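**Student:** Task: produce atomic coordinates for the following.
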Amino acid sequence: METTVAGCTEMSSNAVVDGWVFLLPFVINGGEFNFVNGVFEVCLNDTITFELGPPYDTNIQWTADGIPIANETNSIFKITSSDATEIINYNVCGSPNICPN
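**Tutor:** Next up, the predicted model:
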């Protein structure tokens, strides 16, 4: 790189700048459910699955209403409905294994 200050021009040493670029995280859903007005409706004893898409396979944590769900640290999260009628917001975070932090 060349820089000029007060009429004096100098060259800097070569430098390599590199980085990783990943797709934004996304979730794949499957199972037995209806999707109505942006809400998954799961009937009694039906199952819905959520899968955090690749390359996010490290440091995974699923949450329900912002609270970490114990032992739910895999890319696939399965829910079998009960007779509850409440709405629960599920989220997930994770990292690619090549860049876990």
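**Student:** The lowest-mean-pLDDT helix or strand in the chain pairs with which strands?
**Tutor:** Lowest on mean pLDDT, DSSP states H and E among the helices and strands of the chain sits strand 39-41, with a mean of 78. Strand 39-41 has its sheet partners listed here by DSSP bridges as strand 34-36 (antiparallel).
**Student:** for the partner strand, what is the average pLDDT?
**Tutor:** Mean pLDDT, strand 34-36: 81.
**Student:** same thing with stretch 19-29?
**Tutor:** The pLDDT scores in stretch 19-29 average 90.
**Student:** residues making contact with it?
**Tutor:** 40, 48-53, 55-56, 92-94, 96, 98-99 (CB atoms under 8 Å, 6 or more residues apart in numbering). In this view, the C-beta of every residue, glycine as well, is placed from N, C-alpha and C.
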